[in-house]
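**Student:** Sequence first, predicted model second:
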Amino acid sequence: MEMKKPFEPKILAFLCNWCAYAGADLAGVSRLQYPPTLRSIRVMCSGRVDPVYITDGLKSGFDSVFVSG
Amino acid sequence: MNEFDCGLDIRAATSIKYAQAVPLAYSIDREQCIGCGLCEKICLAGAINYHDRPKRTELEVGAVILAVGNELFDPGVQEVFAYGKSPNVITSMEFERILSASGPYMGHLMRPYDREEPKKIAWLQCVGSRDTHECSNAYCSGVCCMYAIKEAVIAREHAHGDLEPTIFYMDIRTYGKDFEEYYNRARNEHGVRFIRSRVHTVNPVEDGNLEITYIDDNGELKSEIFDLVVLSVGFQVGKESIKLAGRLGIELNKYNFARTDSFAPVATTREGVFVCGAIQCPKDIPQSVMEASAAAAASSVLLSESRWTQTQIQEMPPETNVIGEPPRIGVFICQCGINIAGVVNVPEVREYAKTLPYVTYAEDNMYTCSQDTQVKMAEVIREQGINRVVVAACTPKTHEPLFQETLMNAGLNKYLFEMANIRNQDSWVHSKDPSAATEKAKDLVRMAVTKAALLEPLPDTELGMEPVTMVVGGGVAGMVCVKNLADQGYEVHLVERSEELGGQARLLNKTWRGEDIHAYVKDLEDEIEKNPMVHVHRSTELTNVEGFVGNFSSTLKNGDKEITLKHGVAVVATGGHEYRPSEYLYGEDSRVLTHLELDAKFIQDDPSLKDVQSAVFIQCVGSREPDRPYCSRVCCTHTMESALELKRRNPDVDVYVLYRDIRTYGEREDLFREAREKGVIFFRYGLQSKPKVSKGTDTLEIEIQDHILKRPVILRADLLVLATAIIPSEAGQLATFFKVPVNDDGFFIEAHAKLRPVDFATDGIFLCGIAHYPKSIDESIAQALAAASRASGLIATGKVFASGTVARINPMYCSGCGVCVSICPYSAPSIMEEGRFAGKAEINSVLCKGCGLCVASCRSGAIDLKGFEQSQIMAMIDEV
């Protein structure tokens, strides 16, 4: 029988340029490791995130959407 | 040996000194080169020149700025620390390299002896500092307490908490902005242990471990084994710097630091030669950065007549019109040495990029950001007719401007550019899963390419600059800033709330070097008054500010009179004042004074000072307490000055200082030593056992728990001086007017604590003096000059550019609901009052910061954000 891989959610992240995106950069500088299933989109402010983006993200196959800013 | 990594690893005889070296070019280490000639044979660029020699160049200059820095103290000269005997005794700089991701152990916390992870690390403070022995330095190096605490906290993060850091210290000197809070967090949250003891010997024991014997606070002899010992070495002036100073003909002080005056902190003894940074005295990054700008301001006064005479203007090619052209995307993928290529399969990503729609060209580079790649990139853009560029590399936060400049050099609009972050957000964070990291890199490149295909050229708006500065606050900082700008030839308005200029400086007796403050303030005021470029507004309040960088319009109110001032930039120098305490009988007994009240008596030569037989100083009154956690920085030094002044007036007076940590940083340490030599007696107290003050029969009685005797001691005094906190002036509406932030303690927050210490995040507004943080007069003056330098830098260009990534409203869709007007933090949208679209909203692109808040909140879908358009983001989502 084929071994099932543990569930790893696909996450779409909207990161504010000034804080969360800089934080994600810093996580890299600090070599913090996290699952490679996250895809991020840089926005100039989390206020830019239209609710449609979230529904559209979920529709295009993401398990969750992360808005950080 | 790799000297950049402090000899902890080795490098080849041909090497780049470090990853960020400028120029990023290889050089040959002549001492290690065996002269085989192989590099000359294989270098395709023919760049090897074995006969390169130092060249002599003559420059004609109007001013010289010396920024040569310091060397570190070499602990090898003091055998007691076992430095050089045990590989596990290292300097703080070596430990910095160990912690660095680009260091000898790739950021893994290991000790040199056996590459094992240490479990117990000891930091020994004041190695080579605050030590009058030969081969050592008597001054305090000023930065070591803070860096040791930082290293301890970071080391513990590297060890995921599995580390016991211990710092052995004499006094913890966290006197900088937010430093005391960091110290408290290190102790209370990060488990850093602080032991007050000067360690005299480090003994190597078995397994590379080290035994430290010390005497604890209770006087007991203790011994403890550590895996690694870090020596917090101080600064000293290098031999080459001393020679250079000799050649330049500038005087050095007894410690070989450049001699400067408190009132001209960046001017050396030779006119036209300026200094900044640690060559002037030991100091940290923010202070060095301030002085760097200050030196620029001071030299600008000498050079103002020749401004723009030798300027080389970079010629930009005309912008190619790409509107209507189908996208032709060029993709440049960076290996970043091994930073990306070590994890991500870069050739695979490159080949994949070639298959994406509209991609006409893809290549990978060792370092896409390097100068030679920029030249090549511009060529490729022109030759291949590329009209959109994607760089897959590090982060746009740091590198977007560089690549945008390359686009402009190639005649492309700089907004036709997109980055894919495949380093910070990919190879570095998925280093253990190369195949997943490669897949992610492909996704990120595809998303970037998708967005790039939809990018449009955007204009940066050029605006005029009102060549006038408004300085708010007429204390020493404000006045120095005004004087410098006026001396540079710019018009300045000084707004002071009270009738008098000079602020707190009028109340001070002398500087810590003993210079006369009053004469200085008087001269400064006279010079400002007679300078035709300066307009002083006394008894004037600022009641409103409108506009933005280059075009502010402020309302000044003097009594019933109101004027409107147009200015391009503004400087906030609103200062602070002394805290008036409600403890220690202050206000109840006339013998209890604050520092400034004692200074007033010194200035007036008050006869009652002659009767003082016994004086007590209490430190940290209202500072470093739970309600006001910051250290007020200047009070320890002030106490030393006043204690010595009392001793000068009457050598028989008994002087006691009750303190928590003595923070006489830098060369101020000399005053502390002098006070001890003159017989001033120091008692330490803790926050839990504060002194108790009561009225005795003839004298004040101050009870304190002595930490050596372990019993209460009563001091009788006829003068009690409280070293009270320095508190900032109420920021009030000023913060709202300029849209600048204020911290919990009421001090203004600068744009970047280390690198932009006088800028605000809001363009065109600058900060100096005590409004930023408590500081001494020389430090205020340096920061004021720095603010003047930053302000003049903007004014001198005569124009400002506003970014093209702004919101735009399509009035055809706008319903005029006004949500954007109410929601915008920058007041950019407004409702048009006339014209065809009256009643609809419009956006002032100069005020717009491009956050997109209005875009997401527009119910009619009438607003879009240029550069981050709805269609672009939706396309990216659909592509993931």
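**Tutor:** Alright, I've got the coordinates. Residues are numbered from 1 along each chain as shown, chains lettered A, B, ... in the order given.
**Student:** show me where the stretch 501-650 of chain B has helices.
**Tutor:** In chain order, the stretch 501-650 of chain B shows helices spanning B:517-530, B:595-604, B:635-649, with DSSP state H, counting those that start in this stretch as the criterion.
**Student:** meant to ask about the stretch 351-500 of chain B, not that
**Tutor:** Listed in chain order, the helices of the stretch 351-500 of chain B (DSSP H, counting those that start in this stretch) span residues B:371-384, B:396-409, B:434-453, B:476-487.
**Student:** The shortest one - contacts with which helices or strands?
**Tutor:** Going back to what we said before, that points to helix B:476-487. Counting by 3 or more CB pairs under 8 Å, 6 or more residues apart in numbering or on different chains; DSSP states H and E, the packing neighbours recorded for helix B:476-487 are helix B:285-303, strand B:468-472, strand B:491-495, helix B:517-530, strand B:534-537, helix B:777-797. Quick note: C-beta positions are derived from backbone N, CA and C, even for glycine.
**Student:** helices or strands up against the longest one?
**Tutor:** If I follow you right, that is helix B:777-797. Under the contact criterion of 3+ CB pairs under 8 Å, 6+ apart, the helices and strands touching helix B:777-797 comprise helix B:285-303, strand B:468-472, helix B:476-487, strand B:569-572, strand B:765-767.
**Student:** Tabulate the CA atom coordinates of that helix in CSV.
**Tutor:** Taking only C-alpha atoms (Å, rounded to 0.1, in the frame of the first residue of the first chain), the coordinates of helix B:777-797 have been written out as CSV:
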residue,chain,number,x,y,z
ILE,B,777,25.1,69.3,24.5
ASP,B,778,27.9,68.0,22.2
GLU,B,779,25.7,65.2,21.1
SER,B,780,22.7,67.5,20.5
ILE,B,781,24.9,69.8,18.4
ALA,B,782,26.1,66.9,16.3
GLN,B,783,22.6,65.7,15.7
ALA,B,784,21.4,69.3,14.9
LEU,B,785,24.2,69.6,12.3
ALA,B,786,23.1,66.2,11.0
ALA,B,787,19.5,67.4,10.6
ALA,B,788,20.7,70.5,8.9
SER,B,789,22.7,68.3,6.5
ARG,B,790,19.8,66.1,5.7
ALA,B,791,17.5,69.1,5.2
SER,B,792,20.0,70.9,3.0
GLY,B,793,20.5,67.8,0.9
LEU,B,794,16.8,68.0,-0.1
ILE,B,795,16.7,71.7,-0.6
ALA,B,796,19.9,71.8,-2.7
THR,B,797,18.4,69.6,-5.3
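**Student:** what about whichever helix or strand comes after that helix, distance to the chain center?
**Tutor:** Using DSSP states H and E, the helix or strand that directly follows helix B:777-797 along the chain is strand B:799-802. The gap between where strand B:799-802 is centred and where its chain is centred comes out at 25 Å by CA atoms, centre = their mean, to the nearest Å.
**Student:** got it, and stretch B:288-300?
**Tutor:** The chain centroid and the centroid of stretch B:288-300 are separated by 14 Å under CA atoms, centre = their mean.
**Student:** cool, and stretch B:466-473?
**Tutor:** Mean-position distance between stretch B:466-473 and its chain equals 24 Å (CA atoms, centre = their mean).
**Student:** what's that stretch in contact with?
**Tutor:** Counting by CB atoms under 8 Å, 6 or more residues apart in numbering or on different chains, the neighbours of stretch B:466-473 from elsewhere in the structure are B:478, B:481-482, B:485, B:490-497, B:503, B:542, B:550-552, B:554, B:565-575, B:729, B:734, B:769, B:771, B:791, B:795, B:798.
**Student:** right, is stretch B:407-419 up against chain A?
**Tutor:** No. When contact is scored as CB under 8 Å from any CB of the partner chain, no part of stretch B:407-419 falls within range of chain A; the minimum is 8.7 Å.
**Student:** Are we agreed that residue B:658 is in a helix?
**Tutor:** No. Secondary structure of residue B:658, determined by DSSP: H, G, I helix; E, B strand; the rest coil: strand, with no helix assignment.
**Student:** does it really touch residue B:680, like I thought?
**Tutor:** No. Residue B:658 sits out of contact with residue B:680 when judged by CB atoms under 8 Å, with a separation of 11.5 Å.
**Student:** Distance check, residue B:169 against chain A.
**Tutor:** Residue B:169 sits at a distance of 27 Å from chain A (criterion: CB to the nearest CB, to the nearest Å).
**Student:** That residue - how many residues pack around it?
**Tutor:** Other residues near residue B:169 number 22, with proximity taken as other CB atoms under 10 Å in any protein chain shown.
**Student:** Same check on residue B:617?
**Tutor:** Neighbour count of residue B:617, defined by other CB under 10 Å: 28.
**Student:** what's the most buried one of the helices of the stretch 501-650 of chain B?
**Tutor:** With neighbours defined as mean count of other CB atoms under 10 Å in any protein chain shown, these peak in mean count at helix B:635-649, which reaches a mean of 22.
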